[in-house]
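1. Here is a sequence with its predicted model. Questions after.
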Amino acid sequence: MGFRPPERLGRYRIGRALGRGGMGSVWAAVDDETGQSVALKFLEASNARPELAERLVREAKVSTLVRHPALARVHEVIDFLDRPVLVMELLTGETLRAWLTSEPKHPLEVAAALMLPVAEALVSTHEAGIVHRDLKPENLFLASKTGRAPGTKTIKVLDFGIAKFVADREGPATPLTALGTVLGTPPYMAPEQALGSGDIDERADVWALGVILYELVCGFRPLEAESKSDAIRRLLSSGIVPVEAVEPELPLAFSALVGRMLTRRLDQRERNLVGVVEELRVFAASR
């Protein structure tokens with residue numbers, strides 16, 4: 001039998017399970033003081049390791065440092081059996097991954113409109129010295145307003161649990177940020193991440209967003225990999241097929257943008273997402 005929290009935790013009345021992941025589970029709840037519906041994110045006993053608890057605390061810290069409509073809000077952190085529990089805004093909808101499973105390919109203007117708020121939110125986190133490091137469709141949530149069409153959804157960036165704070169570079173290595181530790185998801189991992197570099201900056205998020213844009217308009221990922229070593233091997237042996245070779249009818253300006261985002265050499269990759277935001281606005285406006 002899976003984990004089941006108590007019926008009440010402080011002022012929160014806990015209801016149904018919303019989902020389970022590798023670290024724990026998320027449950028719907030109601031704040032009896034305000035009447036507000038929220039979500040509680042639990043770290044389950046089998047995962048009660050200090051580095052995983054630290055991931056939840058990091059996620060909460062990002063929410064206090066950066067406010068943006070496309071960032072999922074963490075209201076507070078409470079304690080349950082000496083483990084942190086996140087009290088978060090309650091979202092209804094589906095992940096971008098679930099949506100892509102049923103509708104894998106989309107027009108450029110739809111892709112641009114979807115990713116524009118993501119890029120804007122990441123500009124805000126980067127300005128605060130925070131790199132997400134695990135941007136992927138599973139961590140982008142399409143919160144429903146009405147219906148299932150793109151225009152009826154608000155996108156939210158989730159899970160800053162392995163985010164890197166720039167200040168980490170100046171302090172001692174931790175289990176979460178130690179040199180040589182590979183964190184991320186191989187098909188969306190920048191080459192420097194896959195190689196275990198300790199010098200990760202916002203260009204890792206630039207790469208991951210480039211992968212997602214490619215996937216949205218082409219219907220498949222530019223690089224399939226099961227592990228970090230597989231990702232590096234495939235990247236070095238075959239590289240990435242340019243967008244224009246897959247979808248020649250798309251504007252060359254868009255193909256060039258994705259190409260700059262998916263450049264292996266850091267000194268040639270798009271330096272940050274400020275320029276990406278401006279170009280996505282142009283493509284989104286063509287809807």
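-> The structure has been received and is ready for your questions. Residues are numbered from 1 along each chain as shown.
2. how is the protein carved up into domains?
-> For the chain, the structural domains run 8-89, 93-284, going by automatic domain parsing.
3. Would you tell me which one of those is buried the most?
-> Of the domains of the chain, the one with the most neighbours on average (mean count of other CB atoms under 10 Å) is domain 93-284, at a mean of 18. Every residue, glycine included, has its C-beta placed from N, CA and C.
4. Next, the distance between the ends of that one.
-> Chord length of domain 93-284, first to last residue, is 22 Å (CA to CA, to the nearest Å).
5. Stretch 263-280 too?
-> 18 Å.
6. residues touching the closest residue to Thr64 other than its chain neighbours, list them.
-> Among residues not flanking Thr64 along the chain, Val74 sits closest, at 7.6 Å (CB to CB, 6 or more residues apart in numbering). Shown in contact with Val74 (CB atoms under 8 Å, 6 or more residues apart in numbering): Glu59, Ala60, Val62, Ser63, Thr64, Leu86, Val87, Met88.
7. can you rerun that using 7 Å?
-> Glu59, Ala60, Ser63, Leu86, Val87, Met88 (CB atoms under 7 Å, 6 or more residues apart in numbering).
8. my guess is the second one contacts Leu86, does it?
-> Yes - under the criterion of CB atoms under 7 Å, Ala60 makes contact with Leu86 at 5.8 Å.
9. what touches both of those two?
-> With CB under 7 Å, 6+ apart, Ala60 and Leu86 have common neighbours Val74, Val77.
10. if we can go back for a sec, who does the residue nearest to Thr64 bridge with?
-> Met88 (DSSP bridges).
11. Confidence-wise, which of the domains of the chain is weakest overall?
-> With a mean of 87, domain 93-284 has the lowest mean pLDDT of the domains of the chain.
12. could the domains of the chain go into TSV alongside distance to Gly2?
-> Converted to TSV, the domains of the chain look like this (distance: least, CB to CB, whole Å):
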stretch	distance to Gly2
domain 8-89	7
domain 93-284	20
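13. Leu122 is in contact with Leu273, isn't it?
-> Yes - with contact defined as CB under 7 Å, Leu122 reaches Leu273; the gap is 5.4 Å.
14. mind listing the helices for this protein?
-> 50-65, 96-102, 108-127, 191-194, 203-218, 228-238, 243-246, 252-261, 274-284 (DSSP state H).
15. Dump those helices into TSV; add distance to Pro137 as well.
-> Formatted as TSV, those follow (distance: least, CB to CB, whole Å):
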stretch	distance to Pro137
helix 50-65	18
helix 96-102	4
helix 108-127	10
helix 191-194	17
helix 203-218	6
helix 228-238	17
helix 243-246	18
helix 252-261	16
helix 274-284	17
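16. Identify the residues contacting the spatially closest residue to Val57 that is not a sequence neighbour.
-> Leaving aside its sequence neighbours, Val57 sits nearest to Pro84 (CB to CB, 6+ apart; 5.8 Å). Pro84 sits next to Leu43, Ala53, Leu56, Val57, Val77 when contact means CB under 7 Å, 6+ apart.
17. Ramachandran coordinates for the most far-flung residue of the chain relative to its centre?
-> For the chain, the largest distance from the centre (CA atoms, centre = their mean) belongs to Glu33, which lies 31.3 Å off. The phi/psi pair for Glu33 (degrees, to the nearest 10) reads phi -80, psi -30.
18. show me the contacts for Glu226.
-> Pro186.
19. ok, it to Asn139 distance?
-> Applying CB to CB, to the nearest Å, the value for Glu226 to Asn139 is 19 Å.
20. ok, the nearest residue to Glu202 once chain neighbours are set aside to Leu86 distance?
-> Once flanking residues are discounted, Glu202 sits nearest to His126: 4.2 Å by CB to CB, 6+ apart. Per CB to CB, His126 is found 23 Å from Leu86.
21. wait, doesn't Lys153 sit right on Ser144?
-> Yes - counting by CB under 7 Å, Ser144 is a contact partner of Lys153 at 5.9 Å.
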